[in-house]
Structures are given as structure tokens and as C-alpha cells.
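K.L.:
when you get a sec, could you give me coordinates for this:
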Amino acid sequence: MGTVISLTMPARRAANGPAMEGDTAEEHTAEDELAAAAAVVERLFRELDQTFSLYRPDSEASRLARGEITLRGASDAMRERYAEALEWRLRTEGAFTPERADGVPDLSGLIKGHAIREAGTSLLALGREDWCLNAGGDVLVSGSPVPGSGQTWRAGIVDPADRHTLVAGYPLGNGRRRRPALATSGSAERGDHIWSPAGAAPAFVQISVAAADIVTADVLATAIIAGGRPMLDRATDAWDVDVLAVSADGTLLASPGFRGQGITPVGA
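P.N.:
A predicted model of the protein is given here:
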């Protein structure tokens, strides 16, 4: 996937209170725990990349694209993710698709979200409840940056016209009226890599979706780029999500959750 991954975890508090500055034992423990968690996440992303990346000629996805194997003869992992992608194609009425325009199977619109989902499950299995995982700008969080405080994580959304500027911030977290997942899709970083089923020029240059799970956020962000305003309306009607859309002329379209962060969109 060639994805840059970052993992942020606050240090655990000692049983008798917070660690004191200069407490070498506590510092080493925190460093060891972060290193162990990061190693698990890195290994998971590496293994999925070896299977699903179309940039690796030796991957199963590349062999499938070249016709050396068929889906019937593919691994269980490949068939499971392809089946999940087909389900999303039905749910989005074709705006999201697991095939490129030339018919080659391409699960890149799903697999990063799946990798983040699996990494989050692994972190929880390790007993880590407070963390923020960022994979190529798609974010999944758990707990709080200050354990026990109720404080939320906060994600920034970059302006596609100026990568040094933010167009919005969004609080991420678990619990009532909070969403832990945020995914952004568009052409600002990778060019026009998302194709429209109708072949039309994209109406939006960037879509950010906040949802209860990262796969839903990731898939819908891609689907709205591909499907334009009709898919944007469908997504906000059919799913419990928040959406921030940036049009080609810089106009912002924001659902109520993003408007609550101080955004004043034009034409929403």
C-alpha cells in the first residue's frame, strides 16, 4: 500500500499514580510498550501489502490482475475482501467498485480501511485502550489522549489547495455522539486515481467522512468522490456519518457534525 503509518499512545499511569519526571523505569516501560504495539501494526500492514498491493509484481493481487490466477483459486483473504467490496458496490449502487475501469480487480479502495480496522483490533487485544492510529491520513482512535480524562482526540483536515493549511478540525472518540474513525479521499495528494462509473469529471476534489468504523468512512469517502453529489446525498441519508466535501471551486459542503466545528460552508 505504500502507506505512511503513525501510532500515538499516551503512557500508562503507574498503579500508585502518574509517573514522575526522570523515572527511568517508567519511561523504558512506555517505550517498550509503544515499540511492541508499533511492531504489531507494521507487521499487519506489511503482510496485507504483500497480498493486496498492485504495486508489487509478486503480490497475489498482481498475479490476479495478470490472469495468472482466478478469484476461484485465490486465497481466502482475497475472496473475503472481494466479497466485502462487492457488498459495498451494491450498497452504494455502483459508486464504489472493486474493479478498475479496465476490469482488473483492485481492492485499494477497501484494503487500507481493512488494515486499519485489523490494526485497531490487534491494539485492543494487546490491552491498549488509548491510542490514535493514522495511516495515510485516515485515522482511527480509541480512548483518550489523556487516559481517564474524557478528552477527545482531534484530527485536522488539510486544505486540498494548500497542504500547509487546515480547512477543519474534528473531534474523534468513543461513546455517545462521538465517532472514532475519519477517512479522507481525493486528488490533492495522488492525483485523479478514483474513477467515476459514469466517466464524468469529479464534482469534488476532497471528501472527508467521519463514521463509527474506519471501513465505512474509507469506502464512503471514495464512493462520494466517484459518485458526486447524488452519492453525497445518499451517504448522509443512509448512513450515520458526518461529511465534509470540498468542491473544485473551493466551496465547502458540510453535514451538521462538521458545521458544529465552526465551519460556515457556502451552498450547503
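
K.L.:
only C-alpha atoms for contact and neighbour calcs from this point on.
P.N.:
Will do.

K.L.:
number of nearby residues for residue 163?
P.N.:
Number of residues near residue 163 (other CA atoms under 10 Å) recorded here: 12.

K.L.:
whoops, residue 219 was the one
P.N.:
When neighbours are counted by other CA under 10 Å, residue 219 registers 27.

K.L.:
that one is in contact with residue 112, isn't it?
P.N.:
No: the criterion here is CA atoms under 8 Å, and residue 219 misses it with residue 112 at 9.8 Å.

K.L.:
quick one: residue 64 is in a strand?
P.N.:
No: counting by DSSP: H, G, I helix; E, B strand; the rest coil, residue 64 is not part of a strand but helix.

K.L.:
from what I see, it and residue 71 are in contact.
P.N.:
Yes: assessed by CA under 8 Å, residue 64 is found in contact with residue 71 at 7.3 Å.

K.L.:
quick one, which of these two is more surrounded?
P.N.:
Set side by side, residue 64 and residue 71 show more neighbours around residue 64, with 20 against 14, by other CA under 10 Å.

K.L.:
from residue 58, how far off is the more buried one?
P.N.:
For residue 64, the distance to residue 58 (CA to CA, to the nearest Å) stands at 10 Å.

K.L.:
same check on residue 47?
P.N.:
Applying CA to CA, the value for residue 47 to residue 58 is 13 Å.

K.L.:
quick one: low-confidence ranges for the chain?
P.N.:
Scanning the chain for pLDDT under 70 picks out 1-2, 12-28, 187-201, 261-268.

K.L.:
one more time with 80
P.N.:
Low-confidence segments of the chain (pLDDT under 80): 1-3, 11-30, 175-177, 187-202, 260-268.

K.L.:
ranges for the helices of it?
P.N.:
Assigned by DSSP state H, the chain shows helices spanning 24-52, 60-65, 76-91, 108-125, 214-238, 256-259.

K.L.:
let me know which of those helices is tucked in deepest.
P.N.:
Of all those, helix 214-238 carries the top mean neighbour count, a mean of 22, counting by mean count of other CA atoms under 10 Å.

K.L.:
hmm, who's touching that helix?
P.N.:
Helix 214-238 is contacted by residues 88, 92, 95-96, 109-110, 112-114, 116-117, 138-140, 180-186, 194-197, 202-211, 241-243, 255 when judged by CA atoms under 8 Å, 6 or more residues apart in numbering.

K.L.:
can you check what angle separates that helix from helix 108-125?
P.N.:
Between helix 214-238 and helix 108-125, the angle comes out at 120 degrees (axes from the mean of the first three to the mean of the last three CA atoms, to 10 degrees).

K.L.:
so how far is helix 214-238 from its chain's centroid?
P.N.:
Mean-position distance between helix 214-238 and its chain equals 13 Å (CA atoms, centre = their mean, to the nearest Å).

K.L.:
what angle do it and helix 76-91 make?
P.N.:
Using the same axes, to 10 degrees: helix 214-238 against helix 76-91 is 10 degrees.

K.L.:
now the strands for the stretch 51-200 of the chain?
P.N.:
Secondary structure of the stretch 51-200 of the chain (DSSP state E, counting those that start in this stretch): strands at 131-135, 138-142, 153-159, 162-172, 181-186.

K.L.:
okay, the angle between the last one and strand 162-172?
P.N.:
For strand 181-186 against strand 162-172, the angle by the same axes, to 10 degrees is 150 degrees.

K.L.:
which ones are touching residue 213?
P.N.:
117, 140, 179, 180, 181.

K.L.:
try residue 85
P.N.:
Applying CA under 8 Å, 6+ apart to residue 85 gives the contacts 96, 97, 98, 107, 110.

K.L.:
turn those into a markdown table, including distance to residue 235.
P.N.:
As requested, the contacts of residue 85 are exported to a markdown table (distance: CA to CA, whole Å):
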| residue | distance to residue 235 |
| --- | --- |
| 96 | 12 |
| 97 | 15 |
| 98 | 18 |
| 107 | 20 |
| 110 | 16 |
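
K.L.:
of those residues - the most surrounded one?
P.N.:
The most crowded member of the contacts of residue 85, judged by other CA under 10 Å, is residue 96 (30 neighbours).
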